[in-house]
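# Next one to model:
(one chain, ligands or ions: 1)
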Amino acid sequence: MPGHRRTRDNGGGGMILGPVSYLDCIVFCIFLAPQLIWNVGLLPTIKCILEALPFVLFKIPIQFIYERWLSSSDKSPFVRKASPFEDFVIRCVRYAFANIPPKIGRVFFSKRVALPFLKFRMLRHGYLRSPMHWREHVTANFRGIWVIKDPLATPDFVLYYAHGGGFSLGSAYFYLEFLLSWASVLSSSGFKNPAIFALDYTLVPDASYPTQIQEAIEGYRYVLKVARDPAIVCVSGDSAGATLILSLLLHLSCKDASAKRYGVGLPMPGLAVLISPWTTLVSSRHTNTTSDYLNAEQLSTYGKQFAGNKIKWSDPLVSPGCCHDAAWWRRASPSNGIFITYGEEEVFSPEIHDLIARLNEAGLRVGSEVEPGGIHAWPVASLFLSTAREKRLKGVNGLTMEIRKRLSTSDAAKPR
Ligand SMILES: *[C@@H]1O[C@H](CO)[C@@H](O)[C@H](O)[C@H]1NC(C)=O
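Now for the predicted structure:
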């Protein structure tokens, strides 16, 4: 079995684990329970579980059965194409996003749950250690995880990644399996020594803006130093992480000396590829859809909490979609432009669509791919929820092809 799995990997010395199994789900809960009790307390944990039980045991299954098998007309575009497992998990995530307080939710995605879970999944697939080297990088100003194929050689491509989670949830560790898979795909695509730096920024409410952008800038400075050439750096992120990345680009290129901007004078990266960016923190164009698991009210609460009280939540430096200045966007553009992938059915879809049109008009080299019937951050979620390998890697493969295409026209992808 382990040998069998290994041979399914690419020739690039990477690691792409198989789909999440029911055993994985049980093991995840075993790692989660003590952390919930430890971080949240026994009584609040029990309260949260008791409140969720009627939904998980009755309401969600009944809706699930009704929508999937009994009604022929009420199916949402996502449900029409989702497998039962994908559908069921997304219903639970939708419930959790609307009802579980972030201080409980963040434990689900924390290092202490995500790291043992990844190690369990690796062992189950016969890996004692990852063929892609990775280590934590912690300084006084920022922290993150550094992933590289060969730690002794210089990288020929660096992806700088900021994770999603509404600024209140998520960790670089929760994304590590996704990023190790992406690094493997990058390696098979022809990069000799691809690297990824995953920023672990401080979550709300431990801090709000500008802490996260300051950390993002310091992380970027570090990535530039390791990469040696800004043209081989591709900035990336999903959801709130993509907000941070767009915000970073606007900060680097902000000309208004009276604004509290960070990182001015640093070189622009070679490229940006974004997954379901939360372009505008608070927008009347965010409305619930039947497919997506995000909801508009919760998002605007998260958005306002992130902006905090040091900046208006409509300031482009914190909410990039509010930037309507074409010249500023042209200065903010990486040398090989911006590529955005998102789902047609997601709450953010109208705002993302708008931003892409605006960047196009401003003359940027912007490309996009919209997934019909798609929901928020599906390239990340499907790696965990889908079964077939092509489906699980579809998002990452598409982004990698775009990276290859755009960087091969510059000096970056030439052998060094
Ligand atoms: C959007 O969805 C959330 C959670 O399901 C719900 O609380 C809210 O009332 C919905 N908003 C609208 C405008 O329907």
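
# Next, the distance between the ends of stretch 33-51.
16 Å (Cα to Cα, to the nearest Å).

# Give the buried residues for it.
Within stretch 33-51, the residues that count as buried by 16 or more other Cβ atoms under 10 Å are 35-36, 39-40, 45, 48. C-beta here means a position set from N, CA and C on the backbone, and glycine is covered the same way.

# how about the residues of the stretch 201-350 of the chain near the ligand?
Taking Cβ under 6 Å from any ligand atom as the criterion, the neighbours of the ligand within the stretch 201-350 of the chain are 288, 295-297.

# could you dump the residues you listed to JSON lines with secondary structure and pLDDT?
Below are these laid out as JSON lines (DSSP: H, G, I helix; E, B strand; the rest coil; pLDDT from 0 to 100):
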{"residue": "288", "secondary structure": "coil", "pLDDT": "97"}
{"residue": "295", "secondary structure": "coil", "pLDDT": "97"}
{"residue": "296", "secondary structure": "helix", "pLDDT": "97"}
{"residue": "297", "secondary structure": "helix", "pLDDT": "96"}
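
# Could you tell me which of the residues you listed count as buried?
295-296.

# residue ranges of the strands in this protein, please?
133-138, 143-148, 157-162, 194-199, 233-238, 271-275, 338-343, 366-371 (DSSP state E).

# how many neighbours does residue 363 have?
Neighbourhood size, residue 363 [other Cβ atoms under 10 Å]: 11.

# Now do it against the ligand, distance only.
37 Å (Cβ to the nearest ligand atom, to the nearest Å).

# Hmm, residue 330 and that residue touching each other?
Yes: using Cβ atoms under 8 Å, residue 363 is in contact with residue 330, at 6.4 Å.

# Show the model's pLDDT score for residue 73.
Residue 73 is assigned 77 on the pLDDT scale.

# quick one, phi/psi of it?
phi -110, psi -20 (degrees, to the nearest 10).

# Could you report the neighbour count for it?
4.

# What mean pLDDT does stretch 354-371 get?
Across stretch 354-371, pLDDT averages out at 98.

# Quick one: end-to-end length of it, please.
With Cα to Cα applied, stretch 354-371 spans 16 Å between its terminal residues.

# Can you point out the buried residues in it?
Result for stretch 354-371 [16+ other Cβ under 10 Å]: buried residues 355-356, 358-359, 362, 364, 366-368, 370-371.

# Tell me the one among those residues nearest to residue 174.
Closest approach between the buried residues of stretch 354-371 and residue 174, by Cβ to Cβ: residue 371, at 22.0 Å.

# Does that closest one touch residue 344 like I think?
Yes: assessed by Cβ under 8 Å, residue 371 is found in contact with residue 344 at 6.3 Å.

# For the spatially closest residue to residue 190 that is not a sequence neighbour, give its distance to residue 191.
Spatially, and ignoring its direct neighbours in sequence, residue 190 is nearest to residue 404 (6.7 Å; Cβ to Cβ, 6 or more residues apart in numbering). From residue 404 over to residue 191 the distance is 8 Å, taken as Cβ to Cβ, to the nearest Å.

# Which of the two has more residues huddled nearby?
Taking neighbours as other Cβ under 10 Å, residue 404 and residue 191 compare with residue 191 leading, 25 against 15.

# Which residues of the stretch 1-150 of the chain lie near the ligand?
Counting by Cβ under 6 Å from any ligand atom, the stretch 1-150 of the chain comes close to the ligand at residue 98.
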